[in-house]
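# got a predicted model here, sequence first, then my questions.
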Amino acid sequence: MPTTRRIVGDAGEDAVAAWYAAAGYSILARNWRVRGGELDVIARRGPVLVFCEAKTRRGNAFGTPAEAVTPRKQARIRGLAMQWLADNRVRADILRFDVASVRPDGRGNWVVDVIEAAF
């Protein structure tokens, strides 16, 4: 049985993937997992390949969602991205690392704020 935290996280990742799709990106992968971690959303639009870390919070009691993406987490995401590229034999002219902050709007929807080229 999924935990409330997992349900909220999944809903946030769904909202982020929908944001990228609406912006004209193709979603190449979601929740790509290997021993070293997970990549939340991998999307492509033209020459740009995006690795997005989605952070969902129901409130700001523990800081904003984007603040949870520490330099250590950034380094892990970069390493995972290189592994994904090698495993999938994908090449891209431009790699971009985004962070998506997702919060409830109080009316049953999610507010998605994507920080492009966050790190």
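Here it is on my side, so go on.

# can you get me a residue count around Phe97?
Under the neighbour criterion other CB atoms under 10 Å, Phe97 is assigned a count of 18. To be clear about C-beta, it is placed using only N, CA and C from the backbone, and glycine gets the same treatment.

# quick one: it from Gly46, how far?
17 Å (CB to CB, to the nearest Å).

# outside of the stretch of helix or strand Val99 belongs to, which residues touch it?
Under the criterion of DSSP states H and E, Val99 resides in strand 94-104. For strand 94-104, the surrounding residues in contact (CB atoms under 8 Å, 6 or more residues apart in numbering) are 12, 15-16, 19, 40-41, 47-60, 64-66, 69, 74, 77-78, 81, 110-119.

# go with 6 Å
12, 15-16, 47-56, 65-66, 69, 110-119 (CB atoms under 6 Å, 6 or more residues apart in numbering).

# just the strands from this structure, written as ranges.
26-34, 37-45, 48-56, 94-104, 110-115 (DSSP state E).

# just the buried subset of the contacts of strand 94-104, written out for ChimeraX, thanks.
In ChimeraX, a selection of the buried entries from these looks like this (16 or more other CB atoms under 10 Å):
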select :12,15,16,49,50,51,52,53,54,55,56,65,66,69,110,112,114,115,118
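
# fine, thanks again, bye for now.
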